[in-house]
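Colleague: here are the coordinates; sequence isn't available:
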Ligand code: GLA
């Protein structure tokens, strides 16, 4: 027995000397020089375990790319997850100071395993270790084959004698290519002006997209991007990589073009002001970065993300989103029970399925009559709503309408009972005058009592009122003075990271304890929008700007990463555009309404009710579950057009929006079944108006439709058309 043990040990030593490593679970050792491939149906990432023990990237691209093993060890710039301080000279993925003060880290391959989680999803875990320290990084890559999406994150842990300080901790840091011709598409904006598209060529040096505002972190920049190789991104052609970080806090995306014109894209939590002291035995898990590679343009990247999201990334991806009617634009804070109940009648008349009661329903000593008071005091305002929320939910139900509610549970107004009792619960810095955002402050979720309080807001709202079937979770302030009275002095820089983890814990509890309650993510518009938070939600509020002329752009921007069922597309009278135009814009997303029916003329009421009915009966499924094809960008011409096609290609719907006068060109749908015959029918026409579409009523095969196009009649600004293409065999 003893002899066998010795023999095993000496065999292991020989293997180690030859560059083999025995994995902890006894799985077969891997040889230096071998390639690890992370593959999806149409893409692959190849990694080399080189002779120096380090892990290098051979290629990212179409299936099979870069799997040939080079004779020599690749240059250090090709390291897959480079650490700082031991020879790597560019922007590192990881930077740490070890317990003994050593500021360098080297990471060499230890072992890896790939397991099939099901027939579509596999998880590869690659363990790297510093040869001089018990410091380990496990790179995790979850590949979703059919969707061509990879989720990548890192787990960092150690067994050193004291804490290790982490200064940088990227989720992923791929080297994309070495063509030197890279085009970055990203989306920036402001309140009421979200998701503005910009595309620029990357030149030598680093381009950083980031946010430093902790919560509501995406108000000015989104943690999602596209990189096109060889020229500007096209919709249906060319090599494009899409990335989206699953993190709602401060983020950093860094794109570095090096001296050899290689591009590395690093993404993760923003290391700025967030040095993290990691205790021995603890694991620091980075958020995941989503990747999708396409050789068929950015349209395919978007469809990959949408398909992935519906199946894995959001709640109930296959369930239709209800048509909501929200009272915010109609009443603001100024309502009472009678007024709200009267709006239920309007909701019913228009065909809305859920009424969403927005801000202003709570606070007694400090009533929430405007945005100066009441946040934190989540008791129903007894003056406005004397019979409470269940009464409202019942009244809505009597009219066949579901009832939903607005909350902003992580925030506090200084004018509130909560703040009077617990001023130390708000994030802030000693000796600094508190800076308010929308007259409020952010609660310190790193503190356990605050986490419990935040959960109690949800619990105390939903448990006693089982008639509530929808929640809009808002967030209207960001962190500019990141200090905590809970965290120890040496942990102050943990605040923004601990905050997000606590937030996700509370959001996750809501999703699992109230699976029947749908939820909308909101942050003064889309100030918090990413797949980290969206996994607990059904949809998001893209902007407080509901002028449909702007919504065409905003919805276009978000469509690059998020499926239509998540994009709350509410019709209001903002901007005073033609009602048909506003409705047609709403029909291309998760349709909702924010209007007071009493202010509509009888014709307008009919138009809205007809559009809602059309949506529910004929369009919702194909818009919310279909594949998106962006046809004409609102940025490149006076008109915008897009179409959706159902997965079985039996139905499609085409939207055309004129943003300026004078458009006459054909619009060519995409994604149809070439040999299938579709009946062309313009829908959402005003009552009594016949379509002047040349092909109206005709049956045309998909190939002809895609080649010859349709001739829309949208020549004056803010005219629009919705054209249904129904497979002839479809009822
Ligand atoms: C934010 C949201 C709005 C509305 C108000 C309520 O601005 O984006 O939709 O809910 O808060 O205060």
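Modeller: Cool, got the structure. Fair warning: this is a prediction, and the values are worked out from it, not measured in the lab. Numbers count the residues shown, from 1 in each chain.
Colleague: any idea which residue sits dead centre in this protein?
Modeller: Residue closest to the mean C-alpha point of the chain, counted by CA atoms, centre = their mean, is residue 530 at 2.6 Å.
Colleague: And that residue, how far from residue 546?
Modeller: Residue 530 sits 22 Å away from residue 546, going by CB to CB, to the nearest Å. (Each C-beta comes from the backbone N, C-alpha and C, glycine too.)
Colleague: Please list all residues in contact with the residue nearest to residue 560 when sequence neighbours are not counted.
Modeller: By the measure of CB to CB, 6 or more residues apart in numbering, the closest residue to residue 560 outside its immediate chain neighbours is residue 302, 5.3 Å from it. If you count contacts by CB atoms under 8 Å, 6 or more residues apart in numbering, residue 302 has them with 242, 559, 560, 561, 628, 630.
Colleague: need the residues of the chain near the ligand, please.
Modeller: In this structure, the chain approaches the ligand at residues 328, 358, 359, 406, 474, 476, 522, 524, 525, 541, 544, judged by CB under 6 Å from any ligand atom.
Colleague: Pull the number of nearby residues for the second one.
Modeller: Applying other CB atoms under 10 Å, we find 21 residues neighbouring residue 358.
Colleague: How confident was the prediction at the residue lying closest to it once chain neighbours are set aside?
Modeller: In space, residue 358 comes closest to residue 328 once its chain neighbours are excluded; the distance is 3.9 Å by CB to CB, 6+ apart. Note on residue 328: pLDDT of 93.
Colleague: follow-up on the earlier one: Serialize the residues of the chain next to the ligand to a markdown table and add fields for secondary structure.
Modeller: As requested, those are arranged in a markdown table below (DSSP: H, G, I helix; E, B strand; the rest coil):
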| residue | secondary structure |
| --- | --- |
| 328 | helix |
| 358 | coil |
| 359 | coil |
| 406 | strand |
| 474 | coil |
| 476 | coil |
| 522 | coil |
| 524 | coil |
| 525 | coil |
| 541 | coil |
| 544 | coil |
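Colleague: wait, the residue nearest to the centre of the chain sits on residue 248?
Modeller: Yes: counting by CB atoms under 8 Å, residue 530 does reach residue 248; the two are 5.5 Å apart.
Colleague: okay, and the common contacts of the two?
Modeller: residue 218.
Colleague: quick revisit: what subset of the residues of the chain next to the ligand is buried?
Modeller: Burial by neighbour count, judged by 16 or more other CB atoms under 10 Å, picks out 328, 358, 359, 406, 474, 476, 522, 524, 525, 541, 544 from the residues of the chain next to the ligand.
Colleague: got a list of what the last one touches?
Modeller: Going back to what we said before, that points to residue 544. Contact analysis of residue 544 by CB under 8 Å, 6+ apart lists 191, 192, 524, 525.
Colleague: Dump these to a markdown table, plus distance to residue 426 and pLDDT.
Modeller: As requested, the contacts of residue 544 are arranged in a markdown table below (distance: CB to CB, whole Å; pLDDT from 0 to 100):
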| residue | distance to residue 426 | pLDDT |
| --- | --- | --- |
| 191 | 22 | 97 |
| 192 | 26 | 97 |
| 524 | 18 | 95 |
| 525 | 23 | 95 |
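Colleague: Going by residue numbers, what spans are helices in the stretch 551-700 of the chain?
Modeller: Taking DSSP state H, counting those that start in this stretch to define them, one finds helices in the stretch 551-700 of the chain at 579-587, 602-614, 620-625.
Colleague: what sits up against the first one?
Modeller: Identification of contacts with helix 579-587 by CB under 8 Å, 6+ apart yields 548-549, 551-552, 555, 569-573, 575, 592-593, 604, 607-608, 611, 614-615, 619, 623, 655, 657, 684, 686, 718-722.
Colleague: how about the nearest residue to residue 291 once chain neighbours are set aside, secondary structure?
Modeller: Closest residue in space to residue 291, ignoring its immediate chain neighbours: residue 150 at 4.6 Å, by CB to CB, 6+ apart. Using three-state DSSP, the secondary structure recorded for residue 150 is strand.
Colleague: number of nearby residues for residue 150?
Modeller: A count of neighbours around residue 150, defined by other CB under 10 Å, yields 27.
Colleague: contacting residues for it?
Modeller: Residues in contact with residue 150, defined by CB under 8 Å, 6+ apart, are 38, 40, 43, 45, 141, 142, 143, 144, 290, 291, 292.
Colleague: Identify the bridge partners of it.
Modeller: When assigned by DSSP bridges, residue 150 has beta-bridge partners residue 143, residue 291.
Colleague: circling back to that earlier point, got the contacts of residue 150 as TSV, with neighbour count columns?
Modeller: Below are the contacts of residue 150 laid out as TSV (neighbours: other CB atoms under 10 Å):
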residue	neighbour count
38	21
40	22
43	25
45	25
141	22
142	19
143	26
144	23
290	28
291	28
292	28
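Colleague: Show the end-to-end separation of stretch 507-527, please.
Modeller: The straight-line separation of the ends of stretch 507-527 (CA to CA, to the nearest Å) is 17 Å.
Colleague: tell me which residues of it are tucked away?
Modeller: Quick answer for stretch 507-527 (16+ other CB under 10 Å): 507, 509-511, 514, 517-527.
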